[in-house]
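Enquirer: Provided below are the primary sequence and the corresponding predicted coordinates.
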Amino acid sequence: MKNLINILALWFLCILAFSCKKNTSSTIKPTIVKQKITKSPQEILGNPNYLAISYGGYRAVSREVQPTIAELKDDMKLLAAMGIGLLRTYNVQLAHAPNVLKAIQELKKENPEFEMYVMLGAWIDCKNAWTGDAPDHYTESEANAAEIERAVALANQYPEIVKIIAVGNEAMVKWATSYYVQPNVILKWVNHLQELKKQKKLPATLWVTSSDDFASWGGGEDSYHNEDLNRLIAAVDFISMHTYPFHNTHYNPNFWRVPNEEKHLSEKEKVDAAMLRALNFAKAQYDSVTNYMHHIGVKKPIHIGETGWASVSDGLYGTEGSKANDEYKQGKYYHLIRDWTTSKGISCFYFEAFNEQWKDAQNPVGSENHFGLFTLDGKAKYPLWGLVDKGTFNGLTRNGNKITKTYDGDTEALMKSVLAPPLK
């Protein structure tokens, strides 16, 4: 019996030793498959690691000349370098937005750690918009359905990139006289997209909104307040509101002009004080939308879908008008609005990344052509000079040009272009 026990014990030890040897010799480190990096809108919006910006990559005086995929990729690299993680596009009628998505997808294939997400805009018009006939603001354009259909297709094609669909751009505000619609039109399409999510015909994590002026969201005149707007506020996943103190330097100048108690300040100090008032003006418009939303019993996130400052202008905002335009004021506003929104967990789609000259093609110095943080040829304007100093854009180009500073980085030359706001 003892011998049997010894034999069994020896047999067991041999089996154990063989097993251990086999396991040791055949141990293979598991292959690490890099997963596609993608995040939900909740993780992106309000996250300072994913700064937001409005993006149009057009270089020419007409949108008939579309940026190439290579040009779009160069722009994506520049924006990613400065901390941008969320882009806003405006329509899917043209090749621009689909090509932006394709460019991002290619960059992600080249570098699985590359991250860039998109709020995809679907343009909404009223009947007869842009036709020469009188716009019918109570009937929607027949083209809207196809625009929504294209947006849905792109959201399904690029679910790891498209995180938000925005139905319309300033499509409800009444000063958009060429094309504005009533809130019930935006509500119809927002509800349509929300229903597609329920039917699993769109990603359940996709968020839906509309991007419009603060007044359109109830923060302005009572004439905007109606039940369709209230239902729209309840239907969207978050509110995307626009605020433009730059434009209000002309249309509502009281906050901008220098009060008597500041007459003794230096020109630079007057400008700095005015830019703080501009920030407070934007805050007040944000608060007005918040207050209206709470008034109707709704509580959901509010982010800034557009705000910005032009560096060049004639007319209303130039030397003969409010004197609001220059790169120094643009830089002050950019950093003030970024600091405030970041501290409050608000995404701010700053308008805009690059100058675009098609917007006012007949007037090269029109303000709409000069809201970009970069010039057309890739010079970094004053708001970004600090990033150039840090080497953020080293090795990156736009239109084949290295990223350098406007004014050759000469602050004294820059300040010669700065005009203090007018006295009250």
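Expert: Great, that's in hand.
Enquirer: and the strands in the stretch 301-424 of the chain?
Expert: Secondary structure of the stretch 301-424 of the chain (DSSP state E, counting those that start in this stretch): strands located at 302-307, 348-350, 397-398, 401-402.
Enquirer: with the stretch 51-200 of the chain instead?
Expert: Under DSSP E, counting those that start in this stretch, the stretch 51-200 of the chain gives strands at 51-54, 84-88, 117-122, 126-127, 136-140, 162-169.
Enquirer: pLDDT of the helix or strand where Glu43 lies, averaged?
Expert: For Glu43, the element it lies in under DSSP states H and E is helix 41-44. Averaged over helix 41-44, pLDDT sits at 98.
Enquirer: repeat for stretch 170-182
Expert: pLDDT averaged over stretch 170-182 gives 98.
Enquirer: in that stretch, what's buried?
Expert: Using 16 or more other CB atoms under 10 Å as the test for burial, stretch 170-182 gives 170-173, 176, 179-182. Using the backbone N, CA and C atoms, a C-beta is placed for each residue, glycine as well.
Enquirer: which residues touch it?
Expert: Identification of contacts with stretch 170-182 by CB atoms under 8 Å, 6 or more residues apart in numbering yields 123-126, 129-130, 135, 137-138, 140-141, 168, 183, 185-186, 210-213, 215-216, 223-224, 228-229, 242.
Enquirer: likewise for stretch 124-140?
Expert: With CB under 8 Å, 6+ apart as the test, stretch 124-140 has contacts from 141-144, 147, 167-169, 171, 177-182, 185-186, 189.
Enquirer: go again with 6 Å.
Expert: Contacts of stretch 124-140 with the rest of the structure, by CB atoms under 6 Å, 6 or more residues apart in numbering, involve 141, 144, 168, 171, 178-181, 185.
Enquirer: which one of those is nearest to Pro259?
Expert: Comparing those against Pro259 with CB to CB places Tyr180 closest, at 35.3 Å.
Enquirer: please tell me how far the closest one sits from Glu261.
Expert: Distance, Tyr180 to Glu261, using CB to CB, to the nearest Å: 40 Å.
Enquirer: repeat for Pro383
Expert: Distance, Pro383 to Glu261, by CB to CB: 29 Å.
Enquirer: who's more crowded, those two?
Expert: The neighbour count for Pro383 versus Glu261, taken as other CB atoms under 10 Å, is higher for Pro383 (21 against 8).
Enquirer: dump the residue contacts of that one.
Expert: Applying CB under 6 Å, 6+ apart to Pro383 gives the contacts 330-331, 334, 373.
Enquirer: can we see that at 10 Å?
Expert: Pro383 is in contact with 309, 311, 327-328, 330-335, 338, 350, 373-374, counting by CB atoms under 10 Å, 6 or more residues apart in numbering.
Enquirer: that older thread, can you add mean neighbour count and distance to Gln285 and give the strands of the stretch 51-200 of the chain back as TSV?
Expert: Output for the strands of the stretch 51-200 of the chain, formatted as TSV (neighbours: other CB atoms under 10 Å; distance: least, CB to CB, whole Å):
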stretch	mean neighbour count	distance to Gln285
strand 51-54	22	17
strand 84-88	23	19
strand 117-122	26	20
strand 126-127	21	25
strand 136-140	16	24
strand 162-169	26	17
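Enquirer: quick one: which of those strands is nearest Lys300?
Expert: So among those, strand 162-169 is nearest, using CB to CB, at 13.6 Å.
Enquirer: for that closest one, list the C-alpha coordinates in PDB.
Expert: The C-alpha trace of strand 162-169 is given here as PDB (Å, rounded to 0.1, in the frame of the first residue of the first chain):
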ATOM      1  CA  VAL A 162     -20.500  62.700 -35.200                       C
ATOM      2  CA  LYS A 163     -21.800  63.200 -31.600                       C
ATOM      3  CA  ILE A 164     -24.400  65.900 -32.200                       C
ATOM      4  CA  ILE A 165     -26.800  67.000 -34.900                       C
ATOM      5  CA  ALA A 166     -27.800  70.600 -34.900                       C
ATOM      6  CA  VAL A 167     -31.000  71.300 -36.700                       C
ATOM      7  CA  GLY A 168     -30.600  74.700 -38.300                       C
ATOM      8  CA  ASN A 169     -28.300  77.700 -37.800                       C
END
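Enquirer: return the distance of that strand from the chain's centre.
Expert: Mean-position distance between strand 162-169 and its chain equals 11 Å (CA atoms, centre = their mean, to the nearest Å).
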